[in-house]
Each structure stands twice: as structure tokens, then as C-alpha cells.
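> Coordinates for the following, if possible.
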Amino acid sequence: MRQTWRWFGPNDRVSVDDMLQAGVEGVVSALHHVPTGEVWTAEAIAVRQSEIATRRDGSPSGIAWEVVESLPVSEEIKKQTGAFRAHVESYKTSLKHLKAAGIEVVCYNFMPVLDWTRTDLAYRVHHGGTAMRFDLVDFAAFDIFILERPGAGESFLEDVAAAAEKRFAEMQDARKAELAKNVVFGLPGAAEHFTLADVRAHLAEYGAIDEDRLRSHFVDFLSEVAPLAEELGIRLCCHPDDPPFPLLGLPRIMSTEAQYRTVMEAVDLPANGITLCSGSLGVRPDNDLPGMMERLGDRVHFLHLRNTRREGDGLPCSFHEAEHLAGDTDMVALIAAALNEEARRKAAGRPDASIPFRPDHGQDILDDLSRKAQPGYPAIGRLKGLAELRGVIAGLGYGGRP
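As a prediction, this is how the structure comes out:
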């Protein structure tokens, strides 16, 4: 398993030098500043590669950009509106440029409007550090009373809607503003930052798009880009919905094993693959992560290893980002399944026998609390997670696999 680390570019508070000290083998990055739907030029890709290849003092870092996360899919493509055909062509051109630069793994997602949703970005956990959290009542308060989505009140259970009304009535203006910002939070340096008006406009356009239609649009997109990726030798890997249940009345199409299997079979090419994110998928108690790795493993091109802790029964539910070995997912069993898949690939002579993974997310601990890095991506919290995952891998490797 190849140890990688997500880096958001020169403005990331966690530097290339920090990554080296963490002992990573490769880097996961993207051109977040390029507007979605535009071409990633060869020149822009080369600049990012150079930034990763250089330490703070100008000497070579010895590490390289190995995984793209993410080459974003535009809302126009998801809805099949406006300039979506031009955006598909731009996507294909970007893939060609990435391959020419030697990058062969491309992570993306097909989540409508918001690509991940949290209500708290610095929730205090038991040891005094902080983590990201999704609070269902807070989210209902946002949906019903801040966003004021038509029909929002009826989309939650009666007790949740009542609790949301009470909480919103007690909420200070500063918390209301913080909650709205958290829900539509973007990546650092991203070209797109949605306002509440933007979200309302997108939701209106999704009014006629149900799960089947969104999946059809996804299959149309994959039918265009996956054959090219196959020809180029690029491995596309779709990230699951986060959280893996419907929000804002929007459809979700990549939240379960059955949904993944449907899309993999619809465009049945090795290049059409999976980012198996144990944190996102693990929020659903009906997702068997080790089993998914065993059954879908030949199409898993990238692993996000993180853990979440559910705070209630049923779906949707509140949850928070847990320590890597302390959440609801059996991380040891998942890693064992991944190592078994790597052994199968090695025996079959596959060139992608080593699956890249990264310690996804992390709790802010120690100096992270003053560093204020991108929420979910602290230096020490991720280093702790990587060390724990590295220990599991070493233990399974030397102790024998099931």
C-alpha cells in the first residue's frame, strides 16, 4: 500500500517539508484555482509538479504528484445543462495533459451541488482536540430556517424538525452565519465558492432530476471519459457521497455497494473505478467496508482511510470524524482486505498492485490547534493517523494475513 498525503498547494498550512517529515511516498493534489469546466493546461500541471518537487530551501523533495484529487465534474455535466458538452471535452483534454505529465490516478465525485457537508469544522472531542462533525439537528435548522428550502420541514422526522426549530430560536447570529458558512465550505484556493443564493438556484434546477436521471447523466459522462482513460492508461476513481444519504432534497447515487456496482457494470472498463472512502461509506451501518473491498477490490484504484463515529441510529444521523482506529469501521479488517487484494494483483502481474492510500482527515491535536490548517487536514492529526495505519499494515504484513 502506497502512502500518500493530500496537499492543497502553496497556501496549504502544511508544507512539502512537513510531508517529508511525515514519511509519505507520494502526493495527492489538484489545481483548485482552475474554474470547474476549464482545461487543466500542461503548463499549470507542470507548475504544481514543480512545487511538490521542491523543499522550502529550494532543494529537491524527492516526492511527486501521484494522484489527482479532484478533477471536478461541473454542475452543468451533472445536470446536462448549459455548456456541459464543452465541459466534457475540457475534462478529456485535462486527462490527456495529466497522462502526458505522468499522472495516472484521478479521483473525482458526482455529488450534486455540495461535495461534502459538515455543520461543525472544529467540534471539541473527548481529549480536547477538535474534529469535523455533522449534526443532524443543526443541519435541519440550516435547511429549514437559513436556506429556507421549500418543503424542507417535511423532509425531516417530526422530532428532528421540532428540535431544529428550538435550536434555531436559541441560536446567536454569529452561530447562524458560521453554520451557513460551514455547510457551503469550499476548499482553499478553490475557484468556486457558493453563496446561499447559488445553492438555492442549483436546487431549483435539480427539481426535476431524481436518482435514476442523475445516474443516467453519470453513466453518459463515464461513457465519454472512461474509454479515453482506458486508452491513456489512467485510472478514474469515483469518491462516494459524503454524507452517504440524501440532503437538501437532492439525489444520492454513490452511497452503497449496490449503487457502485450498478455504475461499474454500466461502463464495464477497468479504468472506471472506485475511491473507497471508509469515512464516507462507514457512516452507513449497512455498508460492510471489508466486504466491499473484497468484492469490488479489482476496481479500487485509491483508498481514503479514515473513521467516523455515528451518534444515533437510523439514517440520516449525526456523526463526527473519529480517530483512525477508533470509529465504527473495523480498520484492521479493511486493511487486511486491501492487502489481500494487492496480493491477488501481484500474482496476476498487474502494474497497479500497490494501491495508493492516504490518511484521510484527522483530528486537530497539539500544535494543530494553533496552526489552523484546512479543516480535516491537520499536520499532526494526520501524522498520528498515518502512523497508526502504517503500524496496522506492518503488523498484518509480518504476522500473516487472513
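> The stretch 301-402 of the chain: strands as residue ranges?
307-310, 319-322, 356-359 (DSSP state E, counting those that start in this stretch).
> In the strand or helix carrying His87, which residues are buried?
His87 is part of helix 84-100, with elements assigned from DSSP states H and E. For helix 84-100, the neighbour count (16 or more other C-beta atoms under 10 Å) marks 84, 87-88, 90-99 as buried. C-betas here are computed from N, CA, C, even on glycine.
> circling back to that earlier point, could I get the strands of the stretch 301-402 of the chain in JSON lines, plus columns for mean neighbour count?
JSON lines is the format used below for the strands of the stretch 301-402 of the chain (neighbours: other C-beta atoms under 10 Å):
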{"stretch": "strand 307-310", "mean neighbour count": "22"}
{"stretch": "strand 319-322", "mean neighbour count": "23"}
{"stretch": "strand 356-359", "mean neighbour count": "24"}
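> wait, which of the ones you listed is closest to Ala347?
Closest to Ala347 of the strands of the stretch 301-402 of the chain is strand 356-359 (C-beta to C-beta; 19.6 Å).
> quick one: the closest one to chain centroid distance?
12 Å (C-alpha atoms, centre = their mean, to the nearest Å).
> Val88 reaches Val225, doesn't it?
Yes. Using C-beta atoms under 8 Å, Val88 is in contact with Val225, at 7.0 Å.
> Next, show the common contact partners of those two.
Residues touching both Val88 and Val225 (C-beta atoms under 8 Å, 6 or more residues apart in numbering): there are none.
> measure the residue nearest to the spatial centre of the chain to Ser90 for me?
The chain has His239 as the residue nearest its centroid, 5.6 Å off, counting by C-alpha atoms, centre = their mean. Remark: distance between His239 and Ser90 (C-beta to C-beta, to the nearest Å) = 20 Å.
> before we move on, what about Gly279?
For Gly279 relative to Ser90 (C-beta to C-beta), the value is 30 Å.
> quick revisit: out of the buried residues of helix 84-100, who's nearest Arg48?
Nearest to Arg48 among the buried residues of helix 84-100 is Leu98, at 10.6 Å by C-beta to C-beta.
> any idea how far that closest one is from Glu66?
For Leu98, the distance to Glu66 equals 11 Å [C-beta to C-beta].
> quick one: which of the buried residues of helix 84-100 is nearest Val27?
Looking across these and measuring by C-beta to C-beta, the closest to Val27 is Leu98, at 13.8 Å.
> That closest one and Thr41 touch, don't they?
No. The pair Leu98 and Thr41 does not pass the contact test of C-beta under 8 Å, sitting 10.9 Å apart.
> Let me see the contact set for Cys317.
136, 283, 310-311.
> do that again at 7 Å, thanks
Neighbour list for Cys317: 136, 310-311 [criterion: C-beta atoms under 7 Å, 6 or more residues apart in numbering].
> Tell me how far it lies from Val160.
In terms of C-beta to C-beta, Cys317 sits 10 Å off from Val160.
> Please identify every residue contacting each of those two.
With C-beta under 7 Å, 6+ apart, Cys317 and Val160 have common neighbours Leu136.
> What is the burial count for Ile355?
20 (other C-beta atoms under 10 Å).
> Help me confirm that it comes into contact with Asn340.
No. Counting by C-beta atoms under 7 Å, Asn340 is not a contact partner of Ile355; they are 11.2 Å apart.
> Test my guess that Gly282 contacts Thr329.
Yes. Between Gly282 and Thr329 there is a contact under C-beta under 7 Å: 4.0 Å.
> okay, and the common contacts of those two?
Common neighbours of Gly282 and Thr329 (C-beta under 7 Å, 6+ apart) are 289, 307.
> hmm, who's touching the one helix or strand Met132 maps to?
Here Met132 sits within strand 130-134, counting by DSSP H and E. With contact meaning C-beta under 7 Å, 6+ apart, strand 130-134 is reached by 117-125, 243, 318-321, 361, 363-364, 369, 375-376.
> Which among these count as buried?
Among the contacts of strand 130-134, those classed as buried by 16+ other C-beta under 10 Å are 117-121, 123, 125, 243, 318-321, 361, 363-364, 375-376.
> follow-up on the earlier one: quick one: the strands of the stretch 301-402 of the chain as TSV, columns for mean pLDDT and distance to Arg261 too.
Formatted as TSV, the strands of the stretch 301-402 of the chain follow (pLDDT from 0 to 100; distance: least, C-beta to C-beta, whole Å):
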stretch	mean pLDDT	distance to Arg261
strand 307-310	97	23
strand 319-322	98	24
strand 356-359	98	22
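> Which among the ones you listed is found nearest to Ala140?
Among the strands of the stretch 301-402 of the chain, if distance is taken as C-beta to C-beta, the winner is strand 319-322, at 14.8 Å.
> Can you give the strand pairings for the closest one, parallel or anti for each?
Applying DSSP bridges to the sheet, strand 319-322 is found paired with strand 130-134 (antiparallel), strand 307-310 (antiparallel).
> possible to save those as TSV with distance to Arg252?
Listed next are the strands paired with strand 319-322 as TSV, based on distance: least, C-beta to C-beta, whole Å:
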stretch	distance to Arg252
strand 130-134	14
strand 307-310	16
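> related to what we said a few turns ago, ok, the helix or strand following the helix holding His87: who's next to it in the sheet?
Per DSSP H and E, helix 84-100 leads on to strand 105-109 as the next helix or strand towards the C-terminus. Applying DSSP bridges to the sheet, strand 105-109 is found paired with strand 65-69 (parallel), strand 235-239 (parallel).
> Send over strand 105-109 as PDB, restricted to the C-alpha atoms.
C-alpha atoms of strand 105-109 as PDB (Å, rounded to 0.1, in the frame of the first residue of the first chain):
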ATOM      1  CA  VAL A 105      -4.800   8.100 -10.900                       C
ATOM      2  CA  VAL A 106      -7.700  10.600 -11.000                       C
ATOM      3  CA  CYS A 107     -10.200  10.900  -8.100                       C
ATOM      4  CA  TYR A 108     -13.500  12.800  -8.600                       C
ATOM      5  CA  ASN A 109     -17.000  12.800  -7.400                       C
END
